Each structure stands twice: as structure tokens, then as C-alpha cells.
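1. Dropping a prediction and its sequence here:
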Amino acid sequence: MIDKLFEHANPLFTLSVLLTVGFILGWLTKHIKLPAIIGQIAAGIIAGPHGIGLFDEEALHHFGPITDFALCIFGLTLGTHLIVRQYHNAFKRVLTILASEVIIIPTLIFAVLYWGLPLVNVQVSLPKALLLAAIGLTTSPSSIIHLIVHARAKGIFTKTLVSAVALNNIAAVALFSLMLPICLSVIDGGQNPGLWDFVFAPLRVLLAEVLLGGSIAAALLLLTRRQSSLTVHFSYLIIGLMLVAGISVSFRLPGFLGSMVLGFIISNYSAKKHLLLKSFSNIETPIYALFFILAGTHIDFGMAITAGAVGVAYLLSRIAGKYIAPTIGAHLAGVPATIKHNIGFALFPQAGIAIGFTLVLDSYNEFQAFSDYITTIILGSVVIYETIGPVITNLAIHKSGESNKAKTRLLDFLHEEYILVGLQQTNKWKALEELARFMHRVHGIRETSMQDLIKHIRAREKEMSTGVGDGLAVPHTIIEGGPKIRGVIGISHKGIDFDSIDGEPVYLIVLIATPKAHLDQHLHVLASIAKIFAHDPETRRQVFHAKTPAEVHEILQSGRAEEMNIYLEQELEE
């Protein structure tokens, strides 16, 4: 009877058994300090047709829509990590690191597989080499974010790492989307695809995905503008993702990029983004678990022996590329030493997105001849990367000196994204307006309009100049609402006539906006600013001469300046 149950298993029974085995093995691997994904992949190997064969390929065939939907969840999550206003000061260095990765990592992997392995009599076809090179670019965002949260890390290295991972995977999705039509053309037309195959067909795919994700995102923003119900937001987001997945499958699009555009637009332009994204978090865990379990069912140990040399070459060339590329990019960008010395060790983890790419290949009939071959290589590599990668990344985070700094500080705005170097205005009132506009934009203030913020700042300044001397001004105002005290720093290399008490020009402005609900902290904040800047000539001198927001941030996170910016809970205790 039990044999018949498994032999003629219906999809719901298959689903329940796979999830049960996956959660048990996932729990066991977490219990021995390994990522749950390893246990979930192992569950798929055991239950699948290449393990003990609880379910055959026909029983697993029904779950294509689940993998398509899970792939779109990965894309959505990636898009939500890229919030433009948080990274406006970091784009130069992050884009330099990204460019280095995009050029070096796929090129190195492709060169080793396609040109290097034939030297030892191992042949890798052009489609296999191109696809593995594109997949090799990906980094596991979930593993790295988990490590950052666990280490309570915060700082310029952590911020660079998170943004580098987000952009890296966006580039990987674009590259993989480009490689698909190229490889299809090679398979259909031989080894010499034309200009259309290499340029226009891939660009058409990218454009179609961007338009698909953008149009559905625009519709979601319109529909949820006046909604406050969590259920309604959840329903709309589910429908939106299903539309992206369904239309992508119908038109043979990967689906990643469309859902990523959807997540990006929601995170940057929706006033209800937290409600939209929170509504979705509850179903991610079981869908991701099933996704990794289903991926494990594709591992064929017989094929693993055949692909052994290729798998080792892929593993080692990706490790080399993931260290060399970001390190070179960091040096070219002229970033602080903490990034240069650690970024190359932080990007080894690889998991969900790479696995997602292999399942995309499995959905194309043209790739059936070698999709299991690539899946076996990638999943074997993922097990290794997810075992040793997080350990090395964790060491890099601790070495950066940013562990245990995620606690809220009294001056919680002394971060790179809130620093403006090179104020253009030399007139006091125009400089205040420039800095107020900067504050409104980078903090995403919605409780008061930009014009009202400027009006309140000007009104307070007219009562008495906030130029406290020694090149420092601390203009401040009280606003109606807001979750916390907001602040920005502006540095002028020209000097501003601020009617200071010592009659000297101002080179450093710290602008504060305090909600009425936080008036009890207002004087403490002003006192801390005085301690850091007015009473410490060396810190003040270094900040005056800083050329970039990153340099200012590094000054304020080291030595005496950091010691005087106490943690908020410490201030409350005192």
C-alpha cells in the first residue's frame, strides 16, 4: 500500500513529504552550525530519482510553477536591496567594484573552462562555458545579510558589501539573461551565431523584462496608494509576482529581471513599501525550502563523476575571481583601507540565485541535454561555498572592525549617505537651503514638506546665529513628526559667512531636525556634536580637509570621535 502511495504519488502528497524531509534535514544541518540550505539540498538528493527514489521524475514534474514563482521571489528580494537614496554617496566605488567583477569573474571562468581545460584533454562546449561563467558571477545575498545581522555590523565596509552584493546579482541576472538567447542560437545554429544572436536578441529579452516588471510595479503603486490593509497589499503583490512569472514563462523570458525591477520600484517609490514587503515575508521560508529541495532532486552522482574536472575548475576559478576582482575594483576606486583589505574575502558565498539559474535551464527543452550536468556542478559547488564561504565572510566582517556597531547611537546620522562634501553655496541662507534639500531627500522625510522644512530652519536661524565658532555651525529645528532625530553634515571648502560668534567663516555645518516626540534627546544631541567637533580640534581639522563622504565617515568612526558618540541606550541609562 505504501509502495503504491509513492509510485502513484499525487502532487500534494509529494509536496508534503519533500517539505517534511527538507525541514528535518535543514534543522539538523543548522544544529551542527551549517546552513539549512545544505540539508534541504540533501533532502532533494535523497528523495529524488537519483537517490533512494521516493519519487520519480514524473512525480516531480508538477512543480515547475513553484520554481518559477520562487525565482521571481529571489528577483523581488534582490530589487528591494537597492535603495538609491541610501547609496548615493557609494555608487562610484560600488560601480567600480561591480565593473571589475563583471569583467574579470566571467572572463576568468570562461577562459579556464573553454580554453584551459582542453589543454588537459577535457572539452567544454561553448554554451556550457558561457552559462557557467554567467552563473559564477552570482553571490548569495541571504547568507551575507544573515552574517551581517548576526554580527550586528554597521559601517562603510558593511554598506559597501551589501550594495556590492545587490548590484553584483543584478548584473548576474542581466548577464545570464543575455547568455540564454546566445546559447540557444549556438545550439540551434552551430558554433557561429551572428550579430542578431549576440546583440539584438539578448537586448530584446532585457528590454522585455524591464518593461514587464516596470508596468506591473506601476500598476501596484497605483492600486495600493490608498490602501492600508496588510491583506490587500499581500494579495496585490502575489498577483503582481504571478503575472511576472506567468508572462515570463509564456514568452520564454527568465523572469528574474522583471521581478527585480518590480522590487526596485516598490522599494524606491512606494510610500507603503514596508507594508508591501512585510506582507510577503511570511511565505518566503517554505517556498525557498521547497525550491532548494527540488533543486537537489536534479543531482546525479553518476554525472558528478563525469563533470568532476569541470566542477573543480569552476570552483577554483570562481574563488580566484571573487577575490581578485573586488580587490582590484576597491583599489581602483580609492576606497578606505578597511574595504581594500577585506572585500576580496567577503563575496564567496553562492546559493539561491545560482540554483535558480540552473532551474531556468531545466525549463528549456534545448538545454535538456546538459542542464543536469550544470545543475550537478553548481549544487556541488554551493555545498562547498555555503560551508566555507560564510566562515571567511564572517572573518572579513570582524576584521573590518564593524561588528557590534549596529546599535542605535545618539548621533545616528553620522553615516556616509548623510554627508555632503563640497557645499556649493557661500551665502548662509542658500547653504542652509542646499543642506535642507539634501536632508529631505536622503532621509526620505514625509512628515513635512521640503518647503516647510526650509522655512522652519530659516526661522530658527533668524532668532540667533547657530555659528558656534571654530568653523562650526549647528542649525536645528523642531518638526511635527518622525520616527527619530534626523541630521546631515555639510562641508564647505570655500567657507561660509555665517555670522558666527567669533566672526570666522564656517566650514562644517551639522543640520538637525528633531520631532516633537524626541525633544528629550535634543539637548543631548547638541551637546554630543559640541564634544565631537567644537572640543576636538584634530577631528575638526581632519573633517574640514576631507575630500569624500567616505573619508569623513572613517574619521568619525575612529578614535575619540566614536567614543563620544555614545550608544542611545547608554545615554538613556545615564
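-> Looks like it arrived, so ask away. Since this is a predicted model, take the numbers as computed values, not measurements.

2. For Pro65, the count of nearby residues, please.
-> Pro65 is flanked by 12 other residues according to other C-beta atoms under 10 Å. In this view, the C-beta of every residue, glycine as well, is placed from N, C-alpha and C.

3. Kindly confirm my reading that Leu511 is in a strand.
-> Yes. Counting by DSSP: H, G, I helix; E, B strand; the rest coil, Leu511 is found in a strand.

4. Tell me, how many residues neighbour it?
-> 26.

5. try the one 4 residues further on
-> Counted with other C-beta under 10 Å, the neighbours of Pro515 add up to 19.

6. ok, now how distant is it from Ile479?
-> Distance, Pro515 to Ile479, by C-beta to C-beta, to the nearest Å: 6 Å.

7. what is in contact with the two at once?
-> Glu447 (C-beta atoms under 8 Å, 6 or more residues apart in numbering).

8. ok, and the closest non-adjacent residue to Gly51?
-> Ile45 (5.0 Å; C-beta to C-beta, 6 or more residues apart in numbering).

9. Equivalent analysis for Leu180, please.
-> Pro254 is the one closest to Leu180 (C-beta to C-beta, 6+ apart), at 6.4 Å.

10. just checking, the one you found touches Ser363?
-> No. Pro254 lies out of contact with Ser363 (C-beta atoms under 8 Å); the separation is 9.4 Å.

11. more crowded one of the two?
-> Set Pro254 next to Ser363 and count neighbours by other C-beta under 10 Å: Pro254 wins out with 27 against 17.

12. about what we covered before: ok now do the residue nearest to Leu180, which residues does it touch?
-> Contacts for Pro254 (C-beta under 8 Å, 6+ apart) come out as 71, 173, 176-177, 180, 205, 209, 248, 360.

13. what does the model give it for pLDDT?
-> For Pro254, the model assigns a pLDDT of 72.

14. helix, strand or coil for the residue at minimal distance from the centre of the chain?
-> The residue lying closest to the centre of the chain (C-alpha atoms, centre = their mean) is Ala166, at 3.0 Å. Secondary structure for Ala166, judged by three-state DSSP, is helix.

15. got a list of what the closest residue to Ala546 other than its chain neighbours touches?
-> Once flanking residues are discounted, Ala546 sits nearest to Val552: 4.5 Å by C-beta to C-beta, 6+ apart. Contacts for Val552 (C-beta under 8 Å, 6+ apart) come out as 416, 419, 421, 489, 491, 543, 546.

16. In strands, which of those residues fall?
-> 419, 421, 489, 491 (DSSP state E).

17. and the two most separated of those residues?
-> Taking C-beta to C-beta as the measure, these span a maximum distance of 8.7 Å, between Val421 and Ile489.

18. which one of those two has more residues nearby?
-> The neighbour comparison of Val421 against Ile489 (other C-beta under 10 Å) goes to Ile489, with 25 against 18.

19. And the closest residue to Ile328 other than its chain neighbours, how close does it get to Tyr269?
-> Spatially, and ignoring its direct neighbours in sequence, Ile328 is nearest to Ser100 (5.0 Å; C-beta to C-beta, 6+ apart). Plainly put, Ser100 is 30 Å away from Tyr269 if you go by C-beta to C-beta.

20. same question, Gly311
-> Gly311 is 42 Å from Tyr269, by C-beta to C-beta.

21. For the two, indicate the residue with more neighbours.
-> Neighbour count, other C-beta under 10 Å: between Gly311 and Tyr269, Gly311 has more, with 21 against 12.

22. want to throw the ones in strands among the contacts of Val552 into a markdown table with distance to Asn394 and pLDDT?
-> Output for these, formatted as a markdown table (distance: C-beta to C-beta, whole Å; pLDDT from 0 to 100):
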| residue | distance to Asn394 | pLDDT |
| --- | --- | --- |
| Ile419 | 28 | 87 |
| Val421 | 32 | 89 |
| Ile489 | 31 | 88 |
| Ile491 | 35 | 90 |
